[in-house]
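1. Requesting a structural model of the entry that follows:
(3 chains)
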Amino acid sequence: MTETKLLTIAELATHVAGRLLGDGSIHVHSVADLATAGPGDIAYVDGEKLIAAALSSQASCLIVPPEFVESFKQQIVEREFGPALIEVPKPKLAFALIAARLHPQKRREPFVHPSAVIAESADVELTVFVGPHVAIGERSRIGAGTQIEAGVLVGDRVNVGHDCVLHPGVVLYDDVTIGDRVILHAGVCIGADGFGYVRDDIAHHKFPQRGTVLIEDDVELGAHTCVDRAALGQTRIGRGTKIDNLVHVGHNCDIGERVVIAAQTGISGSVTIEDDVVIGGQVGFGDHIRVLSGAVIGSKAGVLPGKIVRPGVWWGIPIQPLDEYKRLNAHVGRLPQMREELKELRKRLEELEKENRNS
Amino acid sequence: MTETKLLTIAELATHVAGRLLGDGSIHVHSVADLATAGPGDIAYVDGEKLIAAALSSQASCLIVPPEFVESFKQQIVEREFGPALIEVPKPKLAFALIAARLHPQKRREPFVHPSAVIAESADVELTVFVGPHVAIGERSRIGAGTQIEAGVLVGDRVNVGHDCVLHPGVVLYDDVTIGDRVILHAGVCIGADGFGYVRDDIAHHKFPQRGTVLIEDDVELGAHTCVDRAALGQTRIGRGTKIDNLVHVGHNCDIGERVVIAAQTGISGSVTIEDDVVIGGQVGFGDHIRVLSGAVIGSKAGVLPGKIVRPGVWWGIPIQPLDEYKRLNAHVGRLPQMREELKELRKRLEELEKENRNS
Amino acid sequence: MTETKLLTIAELATHVAGRLLGDGSIHVHSVADLATAGPGDIAYVDGEKLIAAALSSQASCLIVPPEFVESFKQQIVEREFGPALIEVPKPKLAFALIAARLHPQKRREPFVHPSAVIAESADVELTVFVGPHVAIGERSRIGAGTQIEAGVLVGDRVNVGHDCVLHPGVVLYDDVTIGDRVILHAGVCIGADGFGYVRDDIAHHKFPQRGTVLIEDDVELGAHTCVDRAALGQTRIGRGTKIDNLVHVGHNCDIGERVVIAAQTGISGSVTIEDDVVIGGQVGFGDHIRVLSGAVIGSKAGVLPGKIVRPGVWWGIPIQPLDEYKRLNAHVGRLPQMREELKELRKRLEELEKENRNS
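-> Below is the predicted model of the structure:
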């Protein structure tokens, strides 16, 4: 899915505004981890316990934080050879940026596979890649440079921006809007009906699910994640938000920008999550919750319907501030001991009572 | 997915057996929420805190409960114009019924896309819609008026009733039976092998998974929900039951009628859930459980294998009656205070002991 | 998906090295459960409470443990007819082995559906079955006897071994390797990008996800289970491991051999699970955990990042030894009573204090 470029270490150092130490003219072709890196590879050192691994690494270049530079320099002088260094304050970030430079997402050549079924009224830009067994419905639009991989099924009046990647088997229901540079992994499902019924004596009657879904720019959704359409109005995933596999986003949710949500979390209807919130895996949200910017919710937590979650770190079912949760958990752990103490006090009390009675 | 009709307010009032107040000859074309409704829209008021929004709504018609009619009438008289009212005891239910009338599920014209692969021995009614990239296997039957959307994959000897909607990418394994008016959302998977193995010293041997699955009439299953085939016998989802996204139903489960199950709940093998049970999201069931009619199980609860869950509201891991759960939770919250009290009593006891010793 | 053979009871007894009692020449064609079994069926008895059902079963043959043989023999003599018996120490295991013999996985005839899109550079063995709407990418290899069912989407440079079954809608990303006799159920997704980003002030930058996935021989993965590709290096599912539906396996996980994982469990990045571990449903794992061989983790448990889980049975969030968990749970249940005791002690203490003051 990616291709590989050949760049000099000097070019890479410039790319991340890092200080170069060593021979900048050497070419690098791949990112790697310290253990398996060889000539032509670049790796990063992020934390003291990796220094040993770094010193024995065969990488051509290492990205290091300022505090490690001295120990490396000395070693390199002693060995009279060794990797070039790029010094930056945040090596992992520089590594990610360099990886994106060395291994850009492979740009598929513009192409429409003859097995693809594209409605005549659809508007597919010339630079789009359309794989085999794709279906694109009436009046849908696909922006320039977007890749529609095999088996993607796009409904009617769907809008997909430019430079997106829709991996195999993605399903977009009718009337859904996808921004630019969005990545949807295999099996992502956008726009299925929300889960809403009104019960009478006989049956559940479907509440109308006539709204839509907006996925903003630079969003990435993991495999099999489902974002339901709104009942009325719109379900939104904000710009730059990243969601892992098998996550459920209910109807009318409003997820802000740069939110991170780990795998298998479930969000009921009409939940608002503000910008920059971080949510662990397998978290459950009741409906009509508002999570304020600055909140971090630990994995497996459960949030009760209607709650407002303030900034801070939260955990537990139902959620509590993390410190509180830990404190109570410690207390629970001491329950057997408390019980013993209680017994002991009772005994001593009985002793005293006896004494008093006798005196 | 739906189309839109134009109906008079009088017709809609009749449809829900409501009392009409105002001009019944006005035409309505769409349901909407109070905030965004405009001329031609109908909205509903369900709860006191919506009255202000209702009074400023631009909807042509509002569905209101009897207790609000007076305040509306007065307002409308004062303003000399305003929405017509339909008075019913249950506005949300009436709204759902009116939505179904105004926006019936769009009936696809009978059609078979040329890319569809349908076995010669399959029996597909003339009024069926079959989208692109569909596959239908040997001796399978599809009932009248059913819509098989793009990329649906139907195995051999599958029976699908009439007026169903199979959304894109649904997979039906061999020998599965689907009733009438069933809605299966994208990626629903019916009839995969149940999870059963017998271990010996060397390996896990597959327990036979030769049973089947019956999905009864009027069931709706959310995106990516999986219902496994029985080992021997049948897995059943009863008539009118509604299941949300990403739910797992294990082999040999017997789910009754009008059951509601929210997203990401997991049900192990051989669980029986009786009619009308309500189950929250992310609930987990061990195997061989029986949930009796009248039970409500809160989100994220966990039910131990073999349990019988009686009528009432349940929560927690493992489940307890909700009241009990709340009570114990409150006790846990008071543990730090209890610990302090214990310390204090110990101190006072020691004081007394000292006094007694001295006296 | 399976076919059916006709075999004599004697042949079946030999197949499982069991002792035959009764007429071995009778033919059997199907496995069944005790309740529904009829002539030509074979069922098994595994546990005392099934004896009554067994005695009234119409099966032609019963697989029974040694301890039940006597009671059966007597009954059969009394009735002067009845099922033949196969005596083995582990009836359920024998039943599974006999089922595999009577109902072998139906071997599809070698075939490539004309709608399948197979890259010219792909290497597909002659004995492979390829269903409709399949796509197989550049330089991918499919081993002998493998069945690629409808709608399976295989990327570039993918390696699939021999005698595998890829059920409808499976997605294999580029560069993934699948062993021999692997069964992937509908919607399984192998090789989607791991969930890794590096945050700076402005956005989340994608950490490179350039590694791959190895699924070893005899693995079975349930519907919609997702196994992410490694960031760098490899995600592995070891030989003979069985995973249920809707499970998430994060990047760089290393799952050993013969591991069992129930539905909806989620495993974060870089988790190592050693051979023969057993994991319940809806369990959550933080990253960088190591689960040692011999560990059993109960359903809905949560394991904190970085933990080493030793042999034994574990439960709770966070996990504790099961006995400890039960003990603490019991203590929590007794909290209201403890509170009462504390009150009572306080009262008696005050009484004593009053007495002392008065004396």
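2. could you pull out the helices for chain A?
-> Listed in chain order, the helices of chain A (DSSP state H) span A:9-15, A:51-55, A:66-79, A:91-102, A:322-333, A:335-358.
3. how about stretch A:188-197 as PDB, C-alpha atoms only?
-> Listed next in PDB are the C-alpha coordinates belonging to stretch A:188-197 (Å, rounded to 0.1, in the frame of the first residue of the first chain):
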ATOM      1  CA  VAL A 188     -16.200   0.300   7.600                       C
ATOM      2  CA  CYS A 189     -19.900   0.900   7.400                       C
ATOM      3  CA  ILE A 190     -21.100   4.500   7.300                       C
ATOM      4  CA  GLY A 191     -24.800   5.500   7.400                       C
ATOM      5  CA  ALA A 192     -26.700   2.400   8.600                       C
ATOM      6  CA  ASP A 193     -29.900   3.200  10.300                       C
ATOM      7  CA  GLY A 194     -29.600   4.300  13.900                       C
ATOM      8  CA  PHE A 195     -31.200   2.100  16.600                       C
ATOM      9  CA  GLY A 196     -34.400   3.700  17.500                       C
ATOM     10  CA  TYR A 197     -37.900   2.300  18.000                       C
END
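4. Buried residues, stretch A:228-235. List them.
-> By 16 or more other CB atoms under 10 Å in any protein chain shown, the buried positions in stretch A:228-235 come out as A:228-233, A:235. For the C-beta atoms, the positions are set from N, CA and C on the backbone; glycine is no exception.
5. from these, which single one is nearest chain C?
-> Distance to chain C, by CB to the nearest CB, is smallest for A:Asp228 among the buried residues of stretch A:228-235, at 16.8 Å.
6. Who are the packing partners of the lowest-mean-pLDDT helix or strand in chain A?
-> Every helix and strand of chain A was ranked by mean pLDDT, DSSP states H and E. The lowest is helix A:66-79, at a mean of 76. On a contact count with 3 or more CB pairs under 8 Å, 6 or more residues apart in numbering or on different chains; DSSP states H and E, helix A:66-79 meets helix A:51-55, strand A:84-87.
7. what pairs with the last one, and is each one parallel or antiparallel?
-> Take DSSP bridges as the rule and strand A:84-87 pairs in its sheet with strand A:19-21 (antiparallel), strand A:61-64 (parallel).
8. re the thing from before, can you tell me which of the buried residues of stretch A:228-235 end up in strands?
-> A:Thr235 (DSSP state E).
9. Output the buried residues of stretch A:228-235 in a markdown table; the columns should cover pLDDT.
-> Shown next, in a markdown table, are the buried residues of stretch A:228-235 (pLDDT from 0 to 100):
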| residue | pLDDT |
| --- | --- |
| A:Asp228 | 98 |
| A:Arg229 | 98 |
| A:Ala230 | 97 |
| A:Ala231 | 95 |
| A:Leu232 | 91 |
| A:Gly233 | 92 |
| A:Thr235 | 98 |
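10. now, among the buried residues of stretch A:228-235, which is nearest to C:His224?
-> C:His224 lies nearest to A:Asp228 out of the buried residues of stretch A:228-235, by CB to CB, at 16.8 Å.
11. ok, the closest one touching A:Ile237?
-> No: judged on CB atoms under 8 Å, A:Asp228 makes no contact with A:Ile237 at a distance of 11.5 Å.
12. so who does the residue nearest to A:Pro83 when sequence neighbours are not counted touch?
-> Take A:Pro83 and drop its neighbours on the chain: the residue closest to it by CB to CB, 6 or more residues apart in numbering or on different chains is A:Leu62, 4.8 Å away. Going by CB atoms under 8 Å, 6 or more residues apart in numbering or on different chains, A:Leu62 touches A:34, A:42-45, A:54, A:72, A:83-86.
13. Close to chain B: what parts of the stretch 201-350 of chain A are there?
-> The stretch 201-350 of chain A comes close to chain B at residues A:203-208, A:210, A:224, A:226, A:228, A:232-233, A:246, A:248, A:250, A:264, A:266, A:268, A:282, A:284, A:286, A:302, A:317, A:327-328, A:331-332, A:334-335, A:338, A:341-342, A:345, A:348-349, as judged by CB under 8 Å from any CB of the partner chain.
14. Apart from its chain neighbours, what residue comes closest to the closest residue to chain C within the stretch 251-359 of chain A?
-> When distances are taken as CB to the nearest CB, the stretch 251-359 of chain A reaches nearest to chain C at A:Leu335, 3.9 Å away. Counting by CB to CB, 6+ apart, A:Leu335 lies nearest to C:His331, which is 3.9 Å off, once chain neighbours are set aside.
15. what residues are up against that neighbour?
-> C:His331 neighbours (CB under 8 Å, 6+ apart): A:332, A:335-336, A:339.
16. Run a quick neighbour tally on A:Val260.
-> Neighbours of A:Val260 under the rule other CB atoms under 10 Å in any protein chain shown: 19.
17. what is the closest residue to it other than its chain neighbours paired to in the beta sheet?
-> Once flanking residues are discounted, A:Val260 sits nearest to A:Val278: 4.9 Å by CB to CB, 6+ apart. A:Val278 forms beta bridges with A:Val260, A:Val296, as assigned by DSSP bridges.
18. Wait, A:Val278 touches A:Val296, no?
-> Yes: using CB under 8 Å, A:Val278 makes contact with A:Val296 at a distance of 4.6 Å.
19. on that earlier part again, the least confident helix or strand of chain A: how far from the chain's middle?
-> For helix A:66-79, the separation from the chain centroid amounts to 35 Å (computed by CA atoms, centre = their mean, to the nearest Å).
20. how near is the residue nearest to A:Gln147 when sequence neighbours are not counted to A:Cys164?
-> Distances taken as CB to CB, 6+ apart place A:Phe129 nearest to A:Gln147, at 4.5 Å, with adjacent residues excluded. Note on A:Phe129: its distance to A:Cys164, by CB to CB, to the nearest Å, is 11 Å.
21. higher neighbour count, the two?
-> Using other CB under 10 Å as the criterion, A:Phe129 and A:Cys164 rank with A:Cys164 on top: 24 against 20.
22. Please look at the more buried one and A:Val188 and confirm they touch.
-> No: using CB under 8 Å as the test, A:Cys164 is too far from A:Val188 to be in contact (11.5 Å).
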